[in-house]
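> Structure of the sequence below:
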Amino acid sequence: MQASGEAIYTLDQPQSKEGLWACYVASDHPLARFDAVDASQAMKLPGVVAYIGAKDIPKGGVNSALGQEPVFAEELVEWVGQPIGLLVAETRAAAERGAQLVKVWPNRAVLTLFVQCVKHVWQVNSNSARLACMAAGSRH
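The predicted structure follows:
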């Protein structure tokens, strides 16, 4: 179906006037704690309806498709692209622009620790150094 052009995708469907669009706010960092998320600038855009983060979901929420992975990172991100929140708007353009305006303030001390760990892992090239680096990042 997909290769023949017969598959029907979401964007191929007529859009409902009552429908909303959503865009993920994702981590730019591979391993970091973040001190704050500020969606205030995004919320000022015309058509932006809401920002939803971990604090808006009871008990942080869990994505059962990914095992026990939280729906949104709450304080610690472990990979680039990990969802931190969701920006909801009346149009696709407003959702995408709003998501870009959400500020995520990473904890610089953890980022510095991560960079030091990566440098060490490259120097010694050992699995035990990799595991120690990951453990250190999750403790800070």
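
> count of neighbours near the residue nearest to Ala32 when sequence neighbours are not counted?
The shortest distance from Ala32 to any non-neighbouring residue, by C-beta to C-beta, 6 or more residues apart in numbering, is to Pro106 (4.4 Å). Heads up, the C-betas are built off the backbone N, CA and C, glycines and all. Other residues lying near Pro106 total 18 when counted by other C-beta atoms under 10 Å.

> close enough to count as contact, Pro106 and His29?
Yes: the pair Pro106 and His29 passes the contact test of C-beta atoms under 8 Å, sitting 5.7 Å apart.

> quick check: domain ranges of the chain?
17-106, 107-140 (automatic domain parsing).

> which of those has the lowest average pLDDT?
If you rank the domains of the chain by mean pLDDT, domain 107-140 sits at the bottom with a mean of 59.

> contact partners of stretch 95-110?
With contact meaning C-beta atoms under 8 Å, 6 or more residues apart in numbering, stretch 95-110 is reached by 21-25, 27-29, 31-39, 41-43, 45, 48, 51, 84-85, 87-89, 137, 140.

> which of the residues you listed are buried?
21-23, 25, 27, 29, 31-34, 37, 39, 42, 48, 51, 84-85, 87-89, 137 (16 or more other C-beta atoms under 10 Å).
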